[in-house]
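S.K.: Give me the fold of what follows.
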Amino acid sequence: VQLQACGGGLAQPGGCMRLSCAASGSWFRDYVMGWYRQFPGKQRELVASVTSGGSTDYADSVKGRFTISRDNAKNTVYLQMNSLKPEDTAVYYCNTYRNYGKQRYDYWGQGTLVTVSS
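M.R.: Alright, predicted model coming up:
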């Protein structure tokens, strides 16, 4: 499983940015994809996820501002971030996981830094 994230950079408060994450392999369409973020000194937290069927879930802090979507033809998951706030500044990671019995294995893309500042 390989995940390649891109996007990120500097945005102004109130601005927008789109992250994308390309996945290797035909497995993509069958698995949940997610975006996490990590603040300095904190654990990664779930930002948004999308199931294979297209159902989405969001952290309360981003509801109404962020949109996760997936393009199974391109093996790519996106995170559209609107109305950005300085507190959205973090390193963002795309994610997928597998459950093997009771054990969950997480796979991560490389982090991409999003900075929201004027």
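S.K.: How much space separates the spatially most central residue of the chain from Lys85?
M.R.: Centrality entry for the chain: nearest residue to the mean C-alpha point is Trp35, 2.0 Å, by Cα atoms, centre = their mean. Per Cβ to Cβ, to the nearest Å, Trp35 is found 16 Å from Lys85. (Each C-beta comes from the backbone N, C-alpha and C, glycine too.)
S.K.: Please apply the same query to Ala23.
M.R.: 28 Å.
S.K.: And for Tyr36?
M.R.: Relative to Lys85, and taking Cβ to Cβ, Tyr36 is found at 18 Å.
S.K.: Settle it for me: which of these two has more neighbours?
M.R.: Shown here are Tyr36 and Lys85; by other Cβ atoms under 10 Å, Tyr36 has more neighbours (22 against 14).
S.K.: Contact partners for Tyr92?
M.R.: Ala5, Gly8, Leu19, Trp35, Tyr36, Arg37, Val47, Leu79, Gly111, Thr112, Leu113, Val114 (Cβ atoms under 8 Å, 6 or more residues apart in numbering).
S.K.: Now a ChimeraX select for only the buried ones of those.
M.R.: This is the ChimeraX syntax for the buried subset of the contacts of Tyr92, where burial follows 16 or more other Cβ atoms under 10 Å:
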select :5,8,19,35,36,37,47,79,111,112,114
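S.K.: and the contacts of Tyr92 as TSV, adding pLDDT, secondary structure and distance to Arg104?
M.R.: Formatted as TSV, the contacts of Tyr92 follow (pLDDT from 0 to 100; DSSP: H, G, I helix; E, B strand; the rest coil; distance: Cβ to Cβ, whole Å):
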residue	pLDDT	secondary structure	distance to Arg104
Ala5	93	strand	21
Gly8	93	coil	26
Leu19	98	strand	23
Trp35	98	strand	17
Tyr36	98	strand	14
Arg37	98	strand	19
Val47	98	strand	18
Leu79	98	strand	22
Gly111	93	coil	20
Thr112	96	strand	23
Leu113	97	strand	26
Val114	98	strand	26
